[in-house]
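**Q** Following is a predicted model, sequence given first.
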Amino acid sequence: MDYSQFLNMAPELSLLAVILILFVADLFMCTDRKSGRGILNTPLPVVLLTLHTLFCIAPLVCPMFSAQCSMLNAECFGGMYVSSAMALVVKAILNVGTIIVFLTAHEWLKQPEMTNKQGEYYILTLFTLLGMYFMISAGHFLMFFIGLELASVPMTALIAYSKRSQESAEAAAKYILTALFSSGLMLYGISLIYGTTGTLYFDKIAPLMLNGQCSMVNIAALVLFIGGIGFKISLVPFHLWTADAYQGAPTAVTSYLSVISKGAAAFVLFVVLYKVFAPIIDQANVLFFWIIVFSITLANIFAVRQNNLKRFMAFSAISQAGYLVLGVMGATPQGLTAIVYYLLVYMAANLGVFLIISITEQRSGKLLISDYDGYYRTNPRLAFLMTLCLFSLAGIPPFAGFFSKFFMFMAAFKAGFIVLVLIALVNTVISLYYYLLIVKAMYIKPNDNPIAPFRSDGYTRFGLGLCIAGVVLIGIISWFYAYIDQFSFGL
Amino acid sequence: MTYTLFIILLPLISFLVLGLGGKWFSHKTAGWIGTLALAGVTVLSYYAAYEYFFVIGRGADGAFAPLEVMNFCWLPFFDQGLHFDMGIMLDPISVMMLIVISTVSFMVHIYSFGYMKGEKGFQRYFAFLSLFTMSMLGLVVATNIFQMYLFWELVGVSSYLLIGFYYTSPAAIAASKKAFIVTRFADLFFLIGILIYGFYTGSFAFVFDTPEHIANYAQAGFILPLALTLMFIGGAGKSAMFPLHIWLPDAMEGPTPVSALIHAATMVVAGVFQVARLFPLWVTYAQDWMPIIVWVGVFTAFYAAAVACAQTDIKRVLAFSTISQIAFMMVALGVCTEMQTGHEHAGSVGYMASMFHLFTHAMFKACLFLGAGCIIHAVHSNEMNAMGGLRKYMPLTHITFLISCLAISGIPFFSGFSSKDEIITACMAYSPAVGYIMTGIAAMTAFYMFRLYYGIFWGTENKELHAAHHPHETKVMTWPLIILSLITVGVGIYTTLAGFGMFEGYSFGSLISADGQDYRIHFDTSVALTSTIVAIVAIGVATWIFKGERQPIADKLYATFPRLHRWAHKRFYMDEVWQFVTHRIIFACVSKPIAWFDRHVVDGFFNFLAWGTHATSNGIKSLQSGRVQQYAFVYLIGTIVLIAMLLIF
């Protein structure tokens, strides 16, 4: 066996190295029990992950790394693992998101009961990230499945992280049970594919599938597969766990759950549809048409009447997932660019909102939308930044959310799904309504007992700075879109 | 020449720094930040002009070619070939505009140190000035019509913000709203024009001569002139052409340096610049539609000059004089019949004349406005009857104001003479009637400017007021006046001598002409002589009527033609006409039914949507029960239903 193939897996190896270093550091470097600060909370993980990100994107940005350049388009282990430039871009985006999530977690991990298990948090999170890496770069269904499970199982532990909290445990139980159920269905779908074609390599299935294009087996395989991945992205009707899990999980975990795992799954969904299910793409389009319509609409309808902010964000996330999957329709290169770009923009805005929710929760313990009445009076800056992020989520120009929706709609429009775009547009109006409910609470509603003014810590500020820069600049500076676009044809 | 990017970036940075962090700076620091940024812009602009004209120079065919310094795709669309670009394009007129904008803006920045001293919101003022300068510079270097439109709107916003700078004064707020709404209304046509143009020609870029473009233009047929005319309406709104001029006189509620920068020298000529930018299209494909420009211009010039004769607020006189002078530039563009400059009396002289007048007018009109600012600063009033006899108290202001008045009247050896003379020559070549009308309006210009001059510096002195205030000059405010009037005199002497053939050298036309070729200005002796004599006579009449301590002739004239005077003073009731049109016709007959429709049908639909959302939300809340068994059940049923659906359809 040619061991040099491992070199083509540089991102995975370097992430593994980060995990091991943190593992060792967790053993030897104690945090100060009183203040909860220490090298592990949070400088070391952030710095390591930043270095790792730079290492990941090195082959993209500077051709000097000619040795690594071969890995831009390489297969290893007989095609089990496939690397591409676009996969690197997605991995880099997920890395940045994880860094911001770590910044969010700092205050939460400082609490006295958390000090002795800080290390676990980072290691578990990074293991799920590693699982997503494998999902993204999989060239084979088994590889993909292993990645999926690696991403799911530590996630359960993360959701149950506040051991003494009943809600947290309940959420974790629901998550793991639904995850198992969806894995079962998906495995069934994969086995159907294996039964008809005799292979599980993405590249080899499509030609073999051509024989019996619309056979019931193929369609069943498609739906079951989508059932499995739809669970990850939380698409209707596989979304029911979302609200409970989001509400019960610690806020830092919720923010990770809402963006990072969703992004990886959406990318994989596109890749598999493009490579494996290309012969029955018309059926897939019909399927997605209804899934998207229901995801966006149902989630919007539910979001309107939520009062718990995390639950609210769960429905917002389901609705956003519907928009994210719009790019899958037709499986065009523009669609892929739109997905990755949407992911980047959504990440900035959503993580920004969660940073503010998290710091407010840590400082005041309040999580209800009605608690945010009069927030502007006491914390004008945070209220303003939250407004920017919500505007971006709702897609108001000139914030990045407008451009990401614009490109997404344009991709779907060009692929010929005009009715779908119209329905999505109407839903944008509804989503604007409920995002503005929060803005209204913060700015307009009077409150005798608003959340007291507080100072946020440096990590939160840094994270917010990154998010706001993303919200404001990613749309206006067209370089981001053009940069992602140049890779989308080489898939 | 990528450094030209900093011409736009420097004021942007200054705007962000002052806008976001203004309250942490003292007045002085804030002023210095803005002014230093502008100094940088000025240096870069001059260097860019030097490099463009003299280092890069002419192409092989002897013409200055447009130079695309940078251009990138900002917002792409698929397949259609349409895309919104952002970039920097240098060509003779954009380079000239860089010089004009940076010079006047720099002068205004220095001047504002004195004028705005101690005002509340000093930092905000400089932040807005930077924003305006950035937008205006971005407008002139635009590589495509869409970028131009973007900065065009930004210019409108910064103008709105600056007019309404004294936001506690109701008049200022009303004026800023009026300016914004009127120009925005005109911009609507501009936008429609751009969209039509883009749809039918498949491009937004300012490149008109590729075979592909020419084929598209030919295919577009009459759509192209239509689109151009719609864009012209937008330009007419910004450049205050009749009947969209009503916002400009009110805009004088803003601080006077702002009036000098935005409402005299730079922003209001954006419309002229727009027509000049699209000039190749106008001349080649829309020749039949150009009389619209000519006659709108001629009428505006006359109307504004007539109104200016009867105003007593000195800033309003200057405002109407601005409208009239911009109309001169429009007329000059409209009378062109060809692109070539090769032969004597070519049909393209008007283009050069228009740009030349834009340049000279910007300098002397900025000087006039800044002078007016000094006077207002000294006597604390805009009304002429509070002034009179100020020449004793404010000698420097007096001299510079006089120089600018002579320039705008078209007296030889002052810059306005050369440019106005070229405009009238172009008009004469187009049609003698237009030429004589414009000569007449030039005489009116000389008359009302000297009425203003005598009213301020001679005439009846308001002794009580002056004793109370002790009018005086501030040093930092006189420097810009001196520099601007030196430019006026210098350019005037040089071009007059060159124009009369005293020596062979560069003239304005060598650098800027319709097709980029070297065009040497030579005055047409009869035109030059006529307009000089007419101007001198007009000044003489004004001297005779207004110079003395008592003004019996003026009083007698007012008594003889009371109605004419009242009408002119009330600007021929144009504001009232608009008021009637908007309130009685548009609001009552069009808006009311639409408002009813909006309130009952559109709102009703959305209320229904909201009610439906809530009702459905309540109805299906049991779906989200929290029971994980049920979740799995839904999951399974969902999968089966989806499979069944796909199999059935």
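**A** Cool, got the structure. These figures come from a predicted structure and were not determined experimentally. Numbers count the residues shown, from 1 in each chain, chains lettered A, B, ... in the order given.
**Q** Please enumerate the strands of the stretch 501-649 of chain B.
**A** Counting by DSSP state E, counting those that start in this stretch, the stretch 501-649 of chain B has no strands at all.
**Q** can you give me how far stretch A:120-132 is from the chain middle?
**A** Relative to the centre of its chain, stretch A:120-132 is centred 14 Å away, using CA atoms, centre = their mean, to the nearest Å.
**Q** Quick check: the gap between B:Phe185 and B:Gly271.
**A** 14 Å (CB to CB, to the nearest Å). In short, each C-beta sits where N, CA and C put it, glycine included.
**Q** Pick out whichever of those two has more residues nearby.
**A** Between B:Phe185 and B:Gly271, counting by other CB atoms under 10 Å in any protein chain shown, B:Gly271 is the more crowded of the two (28 against 15).
**Q** Can you tell me, leaving aside adjacent residues, what's nearest to whatever residue of chain A ends up closest to chain B?
**A** Residue of chain A nearest chain B, by CB to the nearest CB: A:Pro237 (3.2 Å). Of all residues not flanking A:Pro237 in the chain, B:Gly638 sits nearest, at 3.2 Å (CB to CB, 6 or more residues apart in numbering or on different chains).
**Q** so who does that neighbour touch?
**A** The contact partners of B:Gly638, by CB atoms under 8 Å, 6 or more residues apart in numbering or on different chains, come to A:Gly227, A:Val236, A:Pro237, A:Phe238.
**Q** Going along the chain, name the helices of the stretch 251-400 of chain B.
**A** B:256-260, B:270-277, B:279-285, B:290-308, B:314-334, B:349-379, B:395-409 (DSSP state H, counting those that start in this stretch).
**Q** looking at those helices, which is closest to chain A?
**A** Closest among these, once you apply CB to the nearest CB, is helix B:270-277, at 22.3 Å.
**Q** other SSEs contacting that closest one?
**A** When contacts are defined as 3 or more CB pairs under 8 Å, 6 or more residues apart in numbering or on different chains; DSSP states H and E, helix B:270-277 packs onto helix B:92-115, helix B:122-140, helix B:145-163, helix B:223-238, helix B:314-334, helix B:349-379.
**Q** related to what we said a few turns ago, which of the contacts of B:Gly638 ranks first by neighbour count?
**A** A:Phe238 (27 neighbours).
**Q** for that residue, helix, strand, or coil?
**A** coil (DSSP: H, G, I helix; E, B strand; the rest coil).
**Q** which element is the closest residue to B:Gly350 other than its chain neighbours on?
**A** Leaving aside its chain neighbours, B:Gly350 sits nearest to B:Ala426 (3.7 Å; criterion: CB to CB, 6+ apart). Under the criterion of DSSP states H and E, B:Ala426 resides in helix B:415-430.
**Q** got the residues of the stretch 101-250 of chain A near chain B?
**A** A:173-174, A:177-178, A:181-182, A:185, A:216, A:219-220, A:222-224, A:226-227, A:231, A:236-238, A:240-241, A:243-244 (CB under 8 Å from any CB of the partner chain).
**Q** Buried among the residues you listed? Make that a PyMOL selection.
**A** This is how PyMOL selects the buried members of those, with burial counted by 16 or more other CB atoms under 10 Å in any protein chain shown:
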select buried, chain A and resi 173+174+177+178+181+182+185+219+220+222+223+224+226+227+231+236+237+238+240+241+243+244
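**Q** List the ones among the residues of the stretch 101-250 of chain A next to chain B that fall in helices.
**A** When DSSP state H is applied, these are split such that A:173-174, A:177-178, A:181-182, A:185, A:216, A:219-220, A:222-224, A:226-227, A:231, A:241, A:243-244 fall in helices.
**Q** By proximity to chain A, which residue of chain B wins?
**A** B:Gly638 (3.2 Å).
**Q** picking that back up, any idea of the pLDDT on the residue nearest to B:Gly350?
**A** For B:Ala426, the pLDDT comes out at 87.
**Q** does it really touch B:Met355, like I thought?
**A** No: counting by CB atoms under 8 Å, B:Ala426 does not reach B:Met355; the two are 11.9 Å apart.
**Q** Tell me the residues of chain B that contact chain A?
**A** B:72-79, B:86, B:606, B:609-610, B:613-614, B:616-618, B:620-621, B:623-624, B:626, B:628, B:630-632, B:634-639, B:642-643, B:645-647, B:649.
**Q** Mind checking which of those residues land in helices?
**A** Filtering the residues of chain B next to chain A for helices - DSSP H - leaves B:606, B:609-610, B:613-614, B:616-618, B:628, B:630-632, B:634-639, B:642-643, B:645-647.
**Q** okay, and the helix or strand of chain A with the least pLDDT?
**A** The helix or strand of chain A with the lowest confidence, counting by mean pLDDT, DSSP states H and E, is helix A:66-69 at a mean of 51.
**Q** average pLDDT across stretch A:464-472?
**A** 93.
**Q** In the stretch 1-150 of chain B, where is pLDDT below threshold?
**A** B:78-80 (pLDDT under 70).
**Q** so which strand or helix has B:Asp61?
**A** Using DSSP H and E, no helix or strand contains B:Asp61.
**Q** Next up, the contacts around it.
**A** If a contact means CB under 8 Å, 6+ apart, then B:Asp61 has no contacts.
**Q** go again using 10 Å as the cut-off
**A** B:Asp61 makes contact with B:Asp515, B:Gly516, B:Gln517, according to CB atoms under 10 Å, 6 or more residues apart in numbering or on different chains.
**Q** What is the burial count for the second one?
**A** When you say that, I think you mean B:Gly516. Neighbour count for B:Gly516, taken as other CB under 10 Å: 20.
**Q** now do the first one
**A** For B:Asp515, the tally of surrounding residues (other CB under 10 Å) stands at 18.
**Q** buried sites along the helix or strand encompassing B:Thr478?
**A** Per DSSP H and E: B:Thr478 is located in helix B:475-499. Buried residues in helix B:475-499, counted by 16+ other CB under 10 Å: B:477-478, B:480-481, B:483-485, B:487-489, B:491-492, B:494-496, B:498-499.
**Q** in what helix or strand does A:Phe409 lie?
**A** Secondary structure from DSSP H and E places A:Phe409 in helix A:400-414.
**Q** what separates stretch B:540-555 from the chain centre, distance-wise?
**A** For stretch B:540-555, the distance to the chain centre is 34 Å (CA atoms, centre = their mean).
**Q** Could you report the pLDDT at B:Trp247?
**A** 88.
**Q** Any figure for the gap between it and B:Ala319?
**A** 10 Å.
**Q** between those two, what contacts are shared?
**A** With CB under 10 Å, 6+ apart as the test, B:Trp247 and B:Ala319 both reach B:Ala240, B:His263.
**Q** and the residue lying closest to A:Arg363 once chain neighbours are set aside, what is it in contact with?
**A** The shortest distance from A:Arg363 to any non-neighbouring residue, by CB to CB, 6+ apart, is to A:Phe454 (4.2 Å). Applying CB under 10 Å, 6+ apart, we find A:Phe454 in contact with A:Ile359, A:Thr360, A:Gln362, A:Arg363, A:Ser364, A:Thr378, A:Asn379, A:Leu382.
**Q** Please repeat the previous calculation with a cut-off of 8 Å.
**A** A:Ile359, A:Thr360, A:Arg363, A:Ser364, A:Asn379.
**Q** just the buried members of the residues you listed?
**A** Here, 16+ other CB under 10 Å leaves A:Ile359, A:Thr360, A:Arg363, A:Asn379 buried among these.
**Q** Select the helix or strand of chain B having the lowest average pLDDT value.
**A** None of the helices or strands of chain B scores lower by mean pLDDT, DSSP H and E than helix B:463-469, at a mean of 71.
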